[in-house]
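Trainee: Predicted model and sequence below, questions to follow.
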Amino acid sequence: MDQRNNLTTSWNKKLTQSPAQLLASQILNGFNRHYARFRECARAAKVAFEQADWLQIQKLSAERIAFYDERVAETVAIIQENAALPYDDKDFLQDVKTHYVELLMDHHQPECAETFFNSVSTKVLRREYFDNDFIFVRPVISTEYIDSESATYSSYYPHRDGWETALTQMFVDLGLNRPFTDLSRDVMYIIERLKQASQGLFVEKPNLQIQAVRSLFYRNKGAYLLGKIINGHREYPFAIPILHDEQGGLCADTILLEGRHLGALFSFNRAYFMIDCEVPSALVQFLQTVLPQKPKAELYSMIGLQKHGKALFYRDFKHHQKHSTDDFILAPGIKGLVMLVFTLPSYPYVFKLIKDVISPPKEVDKDIVEKKYQLVKRHDRVGRMADTLEFSNVAFPRARFTQELIDEIEKLAPTEIAYEGDSVIIKHVYIERRMMPLNMYLQDATDRGDKECKDNAVIEYGNAIKDMVAANIFPGDMLFKNFGVTRGGRVVFYDYDEIEYLTDCKFRPIPKRYDDEDDMGDVWYSVDRFDVFPEEFEKFLLTDPEVKDVFMRYHANLLDWKYWQSHQERIRAGHIEAFYPYPHHLRFAQMHHE
């Protein structure tokens with residue numbers, strides 16, 4: 001009877017709703033369906049981690065990327081069933097937004113729901129409505145002090161219970177359904193590492209406490225516990241990777257305390273974490289105290305809410321435009337055959353357009369290139385592939401585009417540019433963190449006579465390729481210009497038009513040449529689309545004797561087709577590689593053998 005009464009009440013409520021109220025409810029229902037699936041995915045990741053089901057972790061991570069767009073499309077389809085709604089009536093549109101704001105007053109994810117509203121609206125409305133008061137150009141609902149059923153983090157008190165007891169309880173409270181092999185040993189390693197980092201931690205102040213996020217951050221084969229220790233006026237952020245060990249149990253692999261190592265966990269060249277959070281704004285607020293150098297846009301993206309992260313990024317970008325005066329220019333470096341790249345010198349990102357006509361020898365078109373970028377978005381980027389933000393119909397101030405840049409776009413990508421008043425509209429653009437291209441980095445090191453810097457870059461280049469190989473990725477075009485060097489000296493791949501799954505490629509030795517084949521020119525053997533001859537890499541990569549010397553010392557196996565085939569066999573056998581986003585010498589495994 002109660003259920004019938006509830007259904008009747010719900011139906012009567014719908015009957016009494018105005019069209020604007022009904023439309024607002026439909027959009028919010030779409031977001032709620034999305035966020036329910038988002039949380040289900042994180043809970044499934046916890047189970048997969050406990051069961052060491054690494055293929056399931058990969059599957060969940062890839063599938064989750066599409067959740068948002070699926071729910072947006074579903075919601076748009078529901079709305080468009082009612083074609084009679086007055087979408088051209090600005091008063092009606094304003095009523096929809098007003099009712100939506102009312103629905104968000106007690107919502108736990110209002111900022112993400114506002115972004116969802118924008119995503120749905122911009123697919124229903126004509127472009128002239130995009131920047132008016134109808135969409136959320138700025139957030140309306142405050143995310144401060146949102147109440148939830150459970151706290152974002154838990155607190156532990158070493159001065160009351162002792163360090164060992166407090167840390168042990170921190171791990172127990174995670175509720176993992178697989179035991180630690182030797183938790184007391186891991187706790188002692190953590191305490192020893194803390195003592196090495198700062199003796200001031202153990203001069204106990206009245207407010208001494210450990211604050212740890214209640215949910216773990218899942219990615220690849222690891223689960224990460226993030227938190228901070230507060231003692232007096234000092235705060236000590238930390239991250240503890242939890243892994244499966246050789247005995248089949250769990251272990252704390254290390255504790256990361258330095259800002260650069262913590263920042264690397266949330267790097268733009270790594271896959272997004274899966275974490276269950278009821279109030280994302282509260283989690284991001286806490287993370288900003290652990291990672292103060294990371295903007296909110298990046299933190300939202302790294303916990304899997306990349307659409308809201310993208311919305312925040314765009315707001316930050318508009319803010320930067322308003323407070324800068326330099327011009328958008330063609331990016332320096334060797335021009336690509338597939339992408340047209342421009343930048344704003346005062347802004348640490350580049351903007352990439354797919355050219356309308358892609359020059360030979362490239363054998364791709366726009367559709368193929370877009371699919372390659374989607375492949376990378378879904379894949380574990382293992383710290384070696386740059387994340388990209390994809391935007392449509394972006395308005396730039398025409399006055400700040402150099403004529404050279406306008407001419408280049410009109411010549412090479414005319415279908416991607418339009419004009420509205422004082423704005424240039426770029427119809428489809430990828431935005432990436434700006435890095436120095438590896439070819440320019442190597443040349444700069446050569447010019448400065450910095451052989452150590454140059455050698456390290458060559459070693460990093462080979463390591464980047466090997467990490468991608470282990471993750472079932474063949475970069476395709478391995479020229480140095482397609483790799484960049486981050487501020488931390490890490491080499492990252494960023495040109496995806498020829499990327500392939502490693503297991504789709506056919507790695508072969510170059511066939512022997514016989515005398516009667518001399519008249520066939522330089523290439524005397526047939527080549528299919530997926531054929532790769534690693535011996536050929538030497539010809540176009542190792543023309544600099546110094547580069548060749550270092551490469552052959554550290555990475556000569558990359559020229560051997562058997563190396564590539566052996567990794568294909570491992571992947572086809574179901575092996576999932578473990579990737580450590582921190583230096584190996586920090587691992588407690590080193591202490592096990594001392």
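Mentor: The structure has been received and is ready for your questions.
Trainee: So Leu502 sits against Arg572, correct?
Mentor: No. Leu502 is beyond contact range of Arg572, at 9.7 Å (criterion: CB atoms under 8 Å). Every C-beta, even on glycine, is put in place using the N, C-alpha and C of the backbone.
Trainee: between those two, which one's more packed in?
Mentor: Applying other CB atoms under 10 Å to Leu502 and Arg572 shows that Leu502 carries more neighbours, namely 22 against 11.
Trainee: what domains does the record give for this protein?
Mentor: Per automatic domain parsing, the structural domains of the chain span 16-129, 153-305, 324-434, 438-559.
Trainee: For the longest one, give the mean pLDDT please.
Mentor: By that I understand domain 153-305. What domain 153-305 shows for mean pLDDT is 95.
Trainee: hmm, back to that, pipe the domains of the chain into JSON lines and attach distance to Tyr580 per row.
Mentor: Converted to JSON lines, the domains of the chain look like this (distance: least, CB to CB, whole Å):
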{"stretch": "domain 16-129", "distance to Tyr580": "15"}
{"stretch": "domain 153-305", "distance to Tyr580": "8"}
{"stretch": "domain 324-434", "distance to Tyr580": "9"}
{"stretch": "domain 438-559", "distance to Tyr580": "10"}
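Trainee: mind checking which of these is nearest Phe588?
Mentor: domain 153-305 (4.7 Å; CB to CB).
Trainee: centre of the chain versus that closest one, how much separation?
Mentor: 20 Å (CA atoms, centre = their mean, to the nearest Å).
Trainee: same deal with stretch 313-331?
Mentor: Worked out by CA atoms, centre = their mean, stretch 313-331 lies 22 Å from the chain centre.
Trainee: residues in contact with it?
Mentor: 138, 295, 297, 301, 341-347, 349-351, 389, 391, 396-397, 400-402, 404-405, 408, 431 (CB atoms under 8 Å, 6 or more residues apart in numbering).
Trainee: State the three-state secondary structure for Tyr272.
Mentor: The assignment at Tyr272 comes out as coil when based on DSSP: H, G, I helix; E, B strand; the rest coil.
Trainee: How many residues are close by it?
Mentor: 23.
Trainee: which non-adjacent residue is nearest it?
Mentor: Gly304 (4.6 Å; CB to CB, 6 or more residues apart in numbering).
Trainee: show me the residues around that neighbour that make contact.
Mentor: By CB under 8 Å, 6+ apart, the contact set of Gly304 is Phe38, Ala42, Arg64, Tyr272, Phe273, Met274, Ile275.
Trainee: so what's the second one up against?
Mentor: This means Ala42. Ser215, Tyr218, Met274, Ile275, Asp276, Cys277, Gly304.
Trainee: so what pLDDT did it get?
Mentor: 96.
Trainee: Show the secondary-structure elements that the host helix or strand of Gly263 is packed against.
Mentor: Element membership for Gly263, per DSSP states H and E: helix 259-265. Using 3 or more CB pairs under 8 Å, 6 or more residues apart in numbering; DSSP states H and E, the elements in contact with helix 259-265 are strand 234-244.
Trainee: Recalculate using a threshold of 10 Å.
Mentor: strand 222-231, strand 234-244, helix 280-290 (3 or more CB pairs under 10 Å, 6 or more residues apart in numbering; DSSP states H and E).
Trainee: How much space separates Ile230 from Val547?
Mentor: Distance check for Ile230 against Val547: by CB to CB, to the nearest Å, it reads 48 Å.
Trainee: thinking again about what came up before, show me which positions of the helix holding Gly263 end up buried.
Mentor: Using 16 or more other CB atoms under 10 Å as the test for burial, helix 259-265 gives His261, Leu262, Gly263, Ala264, Leu265.
Trainee: Okay, the last one and Phe579: tell me how far apart.
Mentor: Looking back up the chat, that one is Leu265. For Leu265, the distance to Phe579 - CB to CB - is 12 Å.
Trainee: which residues are in contact with both of these two?
Mentor: Counting by CB atoms under 10 Å, 6 or more residues apart in numbering, the shared contacts of Leu265 and Phe579 are Arg219, Gly222, Gly383.
Trainee: Quick one: residues contacting the last one.
Mentor: If I follow you right, that is Gly383. Gly383 sits next to 264-265, 267-271, 463-464, 467-468, 471, 486, 490, 492, 579-581 when contact means CB under 10 Å, 6+ apart.
Trainee: circling back: now the helices and strands packed on helix 259-265 as TSV including mean neighbour count and distance to Asp447?
Mentor: Formatted as TSV, the helices and strands packed on helix 259-265 follow (neighbours: other CB atoms under 10 Å; distance: least, CB to CB, whole Å):
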stretch	mean neighbour count	distance to Asp447
strand 222-231	21	40
strand 234-244	19	38
helix 280-290	21	39
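Trainee: With distance to Arg193 as new columns, can these be given to me in a markdown table?
Mentor: Compiled in a markdown table, these are given as follows (distance: least, CB to CB, whole Å):
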| stretch | distance to Arg193 |
| --- | --- |
| strand 222-231 | 12 |
| strand 234-244 | 9 |
| helix 280-290 | 17 |
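Trainee: Of these, which is nearest Phe116?
Mentor: Among those, helix 280-290 sits nearest to Phe116 (CB to CB), with 12.7 Å.
Trainee: elements contacting the closest one?
Mentor: Using 3+ CB pairs under 10 Å, 6+ apart, helix 280-290 is in contact with helix 110-124, strand 153-156, strand 209-213, strand 222-231, strand 234-244, helix 259-265, helix 296-302, helix 306-322.
Trainee: Could you figure out how far it is turned away from helix 306-322?
Mentor: In terms of direction (axes from the mean of the first three to the mean of the last three CA atoms, to 10 degrees), helix 280-290 departs from helix 306-322 by 60 degrees.
Trainee: Pull helix 280-290 out as CSV, backbone CA atoms only.
Mentor: The C-alpha trace of helix 280-290 is given here as CSV (Å, rounded to 0.1, in the frame of the first residue of the first chain):
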residue,chain,number,x,y,z
PRO,A,280,33.2,15.2,-4.7
SER,A,281,33.7,18.9,-3.7
ALA,A,282,34.6,17.8,-0.2
LEU,A,283,37.1,15.3,-1.5
VAL,A,284,38.7,17.9,-3.9
GLN,A,285,38.9,20.4,-1.1
PHE,A,286,40.8,17.9,1.1
LEU,A,287,43.0,16.9,-1.9
GLN,A,288,44.0,20.6,-2.4
THR,A,289,45.5,20.6,1.1
VAL,A,290,47.5,17.5,0.1
